[in-house]
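S.K.: sequence first, predicted coordinates after that:
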Amino acid sequence: MKRPPFSNGHLLVFLAFVLHFLLNLQNVNAQTEIPVSDAVKQYFEDRKNPTTQNMFSVKPTLLINGELPVFYERNIANSLGLEIGAGLLLPYYLPGVYELVGAFGSNNEIGDRSDELKVGTTYWLSAKHYLAGEAPDGIYYGFSYRRRNYNLLDARILVSEITVNFGWNQVLNNQIVVGYMTGIGSRWQKSKSKSTSVKEDLDGSGVAIHLNLSVGWLF
Amino acid sequence: MEVIKNIVAGIAILVAFAIQPVFSQAPSFEKPAVQLGSEYSVKKGSWVPNILDTKGEGYLALQWSNGELGLLRLNESMNVTEQTVLDLSQGSKKKRFEFVIRFQSKLLLLSSFINQKHQKKYLFAQTIDEEKLTAADDTKKLSEIFYPKSKRNSGSFSYDVSQDSTKLLLFANLPYSKGEAERFHFEVFDTDLNSIWQQDVKLPYLDRDFSIEQYVVDNDGNVYVLGQLNNNEYRLLKYGASTNDATDYGIKQDGKRLNEMRMSVRSDGTIVSGGFYSTGAVNSGVDGSFFFRIDGKTGRIVASSFEDFDNDFILKSATVAEAKSARKKVKKGKDLALPSYEFRDIILREDGGAMLVGEQIIIKVVTTTSADSQGRMTTRTTYYYFYNDLVVVNIAPDGDIDWVKNIPKEQTSVNDGGYNSSYSMLVHEDKLHFVFYNNLRQGKSLSGLVSVAIDLNGEETWDKIPETDATKLIFRGKGGQQVSNNVLIMPGEYKKQRQFVKFTFD
């Protein structure tokens, strides 16, 4: 019998996390801003103005997984950043790394059928709360939804993940952003295939773990 | 530094009272009136960096609590009657607190903001509304310094106020790189916070060779910077407000290594400075105290005096363990030195004399390694902080050292940076009053919080403060501040409880 993607315990922890995130978000929005007088306004105008802060980034570590997305992040408040990502799943993988990561129960979604892989697609959606209120700079926590569509010769696998994340972005030279992120959550996968045995073989769920390095460009 | 600023304010007190007639009177040592406020609760880690006089009744206290800067109003009974949070935000940005200054009749809140786009660190001032206990919407940029891409050594601001409170000096240590020349920036402001003059200074000394120890602005806006070169010579730098010229004087004494030097500038431009000296190797201890009077125009030393601490005096301040080995040295005919004394205060007198105060501060680091039953090694480092005796040096108006007094004190703490140790001081009429926690060297009857007064003749008296014995709270020696002519207030803390105590000296 297949395990459900979330146990009740996991679900409660995740919901508590999301609730905490949303409450913090409410606090961020509830803060009243003291207006800046014209006499000193110019001294506070820097690149970290939340209305103009955008970032494109890539996560080179995802290449190990054969995943090549590009990310766009925009801060919608001082402390809050929303990130979307989209890209390709390349038809290759590194077995050794899979075995290593597989020890944590993750990334074994294509099993031993990697030689049947064709190009797929990947999508990310993340929300981040920056503790210092200078998004996208500094330490943050948040959650993300990630969906990958693997195309095999005779099947299609849809892998979904929800993770809670912790990370640290460092703005260098006011333009380049180097980030480190780790996350843990649940992963579940469903396959679409005419063959029932293939479905039996590929459907399942497990733990999702993220360990990523990112490089971004502010504009 | 804060204490020195309070003392500078206290000079006005000395000016206001005729000192000479006091010489002929028998010393009067009235015990201070003690007013202990009610305890109040805060979040753990809250502390009070400043206590200030205010225009209306009572006093104000700044309090850091949970990352927020607050203002408390204290009534004469030392109870907190009002409490607000000072909002440091500016639009969507948040400024960083730097300091609060009483400048003329205004209470100023100074804060900074780092603008990474401009690569600048800006310093702003705004007045504090003492009625509402809020920061007014009158933010004004006072100064700016370059902020490097690397956040290390990013520079810092500090300040001084002239003796007549008509000039404000903002002094900025600039960011530096290894091997570069020492650089700093200063700007002098009038009472309306208009800039009078400023200068960027690059010294002919490398940053690693020169350490800035003190900066002072006089009533005319001239700026004096005292620094130590190569740990063996003091340099006094003067920057003239009207002439924009700079002069660099060396202060040296053959055979004596000056250290812990501090200066103050009299209203006539005379610079007085004092400190301790040693004759042995570096870190060999203090052999005596010195005093210089320097002509501010020529940089010439017009009067100087040196007073050796004799062996009897040094033995008085030695602990039992130290005294044993010290006596052996004396028997062998060797001279003793006072270990680890730091110069703390210089108090100018209207008659031309001065009083210097030093304190013995020793930090011992003990590292122990032990093994548990399974053979695993554990290393632990413990820091012991000893705040011991005070030394008071009285300088006569002619520049001679009149007397040197030792005030015995023992304060020991572990791994806390000596947070509650040291003393608070008040200058009133012809006396210095010290308040501190005392251990048992003066006898059991004087343990706990005590007040020690010393007058111009070196007469001293000790008073126990029994009012504070019942409370669990500890009143911070370093936290007390002279808030008016004869009032000293100390903040006390214990876990999440806070309390203030007021001493009124007659």
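M.R.: Thanks, I have it. The shown structure was predicted, so the numbers you read here are calculated from the model rather than taken from an experiment.

S.K.: need the contact list for residue 120.
M.R.: Chain wasn't specified; assuming chain A. When contacts are counted by CB atoms under 8 Å, 6 or more residues apart in numbering or on different chains, A:G120 is found next to A:88-89, A:148-151. The C-beta positions use only the backbone N, C-alpha and C, and glycine is treated the same way.

S.K.: looking at chain B here, not the other one
M.R.: B:K120 makes contact with A:43, B:114, B:144-147 under the criterion CB under 8 Å, 6+ apart.

S.K.: bridged to it, which residues?
M.R.: Taking DSSP bridges as the rule, B:K120 bridges to B:N115, B:F146.

S.K.: and A:L19, how many neighbours?
M.R.: If you count neighbours by other CB atoms under 10 Å in any protein chain shown, A:L19 ends up with 10.

S.K.: A:T121 now?
M.R.: A count of nearby residues for A:T121, using other CB under 10 Å, gives 15.

S.K.: now it, nearest residue through space, not along the chain?
M.R.: Excluding its sequence neighbours, the residue lying closest to A:T121 (CB to CB, 6 or more residues apart in numbering or on different chains) is A:N149, at 4.8 Å.

S.K.: for residue 188, which residues count as its bridge partners?
M.R.: In the absence of a named chain, chain A is used. A:S160, A:S205.

S.K.: that's the wrong chain, I meant chain B
M.R.: Beta-bridge partners of B:V188, counted by DSSP bridges, are B:L169, B:W197.

S.K.: so it touches B:Q199, yeah?
M.R.: No - in this structure B:V188 lies outside contact range of B:Q199 using CB atoms under 8 Å: 9.1 Å.

S.K.: what's the overlap in contacts for these two?
M.R.: The contact lists of B:V188 and B:Q199 share B:V223, where a contact means CB under 8 Å, 6+ apart.

S.K.: next structured bit after the helix or strand containing B:T367?
M.R.: For B:T367, the host element (DSSP states H and E) is strand B:354-371. Downstream of strand B:354-371, the next assigned helix or strand under DSSP H and E is strand B:377-395.

S.K.: note down every partner strand of that following strand and its orientation.
M.R.: For strand B:377-395, pairing defined by DSSP bridges yields strand B:354-371 (antiparallel), strand B:401-407 (antiparallel), strand B:411-414 (antiparallel).

S.K.: any stretches of the stretch 351-500 of chain B with poor pLDDT?
M.R.: Flagging of the stretch 351-500 of chain B using pLDDT under 70 yields the residue ranges B:440-446.

S.K.: and stretch B:492-506, how far apart are its ends?
M.R.: The first and final residues of stretch B:492-506 sit 23 Å from each other (CA to CA, to the nearest Å).

S.K.: returning to what we had before: could you tell me which of the contacts of B:K120 count as buried?
M.R.: Neighbour counting with 16 or more other CB atoms under 10 Å in any protein chain shown marks A:43, B:114, B:144-145, B:147 as buried within the contacts of B:K120.

S.K.: any buried residues in stretch A:125-137, and which?
M.R.: A:126-130, A:133-137.

S.K.: contacts for that stretch next, please.
M.R.: The set of residues external to stretch A:125-137 that reach it, using CB under 8 Å, 6+ apart, is A:21, A:24-25, A:28, A:48, A:50, A:53, A:55, A:73, A:75, A:77-85, A:138-146, A:165, A:167, A:169-171, A:177, A:216, A:218, B:94.

S.K.: which of these are buried? Put it as a ChimeraX command.
M.R.: Buried residues among the contacts of stretch A:125-137 (16+ other CB under 10 Å), as a ChimeraX selection:
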select /A:21,25,28,48,50,53,55,73,75,77,78,79,80,81,82,83,85,138,140,141,142,143,144,146,165,167,169,171,177,216,218 /B:94
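
S.K.: quick check: buried residues in stretch B:102-122?
M.R.: B:102-104, B:106-116, B:118, B:121-122.

S.K.: so how far is that stretch off the chain centroid?
M.R.: Between the centre of stretch B:102-122 and the centre of its host chain there is 22 Å, according to CA atoms, centre = their mean, to the nearest Å.

S.K.: which helices and strands does the helix or strand A:I184 falls within pack with?
M.R.: Per DSSP H and E, A:I184 falls inside strand A:176-193. Counting contacts by 3 or more CB pairs under 8 Å, 6 or more residues apart in numbering or on different chains; DSSP states H and E, strand A:176-193 packs against helix A:8-30, strand A:54-58, strand A:155-172, helix A:196-202, strand A:204-218.

S.K.: export those as CSV, with columns for mean pLDDT and distance to B:L36.
M.R.: Converted to CSV, the helices and strands packed on strand A:176-193 look like this (pLDDT from 0 to 100; distance: least, CB to CB, whole Å):
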stretch, mean pLDDT, distance to B:L36
helix A:8-30, 68, 39
strand A:54-58, 92, 56
strand A:155-172, 89, 47
helix A:196-202, 66, 76
strand A:204-218, 88, 55
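
S.K.: mind putting these into TSV with distance to B:N79?
M.R.: Listed next are the helices and strands packed on strand A:176-193 as TSV, based on distance: least, CB to CB, whole Å:
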stretch	distance to B:N79
helix A:8-30	32
strand A:54-58	52
strand A:155-172	44
helix A:196-202	72
strand A:204-218	51
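
S.K.: circling back to that earlier point, of the buried residues of stretch B:102-122, which belong to helices?
M.R.: Counting by DSSP state H, no part of those is found in helices.

S.K.: re earlier: name the stretch among the strands paired with strand B:377-395 that sits most buried.
M.R.: Among the strands paired with strand B:377-395, strand B:401-407 has the highest mean neighbour count (mean count of other CB atoms under 10 Å in any protein chain shown), at a mean of 18.

S.K.: the spatially closest residue to B:L203 that is not a sequence neighbour and chain A, how far apart?
M.R.: Spatially, and ignoring its direct neighbours in sequence, B:L203 is nearest to B:E182 (4.3 Å; CB to CB, 6+ apart). As defined by CB to the nearest CB, to the nearest Å, B:E182 lies at a distance of 27 Å from chain A.

S.K.: over to B:G240?
M.R.: 30 Å.

S.K.: and what of B:P32?
M.R.: 42 Å.

S.K.: right, and that residue touches B:F503 too?
M.R.: Yes - counting by CB under 8 Å, B:P32 touches B:F503, with 4.2 Å between them.

S.K.: and the two? which has more neighbours close in?
M.R.: Shown here are B:P32 and B:F503; by other CB under 10 Å, B:F503 has more neighbours (24 against 21).

S.K.: element containing that one?
M.R.: In the assignment (DSSP H and E), B:F503 maps to strand B:497-504.

S.K.: pairing partners for that strand, with directions?
M.R.: Counting by DSSP bridges, strand B:497-504 is paired with strand B:33-36 (antiparallel), strand B:40-41 (antiparallel), strand B:487-494 (antiparallel).

S.K.: just these: most buried one?
M.R.: Per stretch, and counting mean count of other CB under 10 Å, the top mean among the strands paired with strand B:497-504 goes to strand B:487-494, which has a mean of 23.

S.K.: off-centre distance for that one?
M.R.: With CA atoms, centre = their mean, you get 17 Å for strand B:487-494.

S.K.: please apply the same query to stretch A:135-148.
M.R.: For stretch A:135-148, the distance to the chain centre is 6 Å (CA atoms, centre = their mean).
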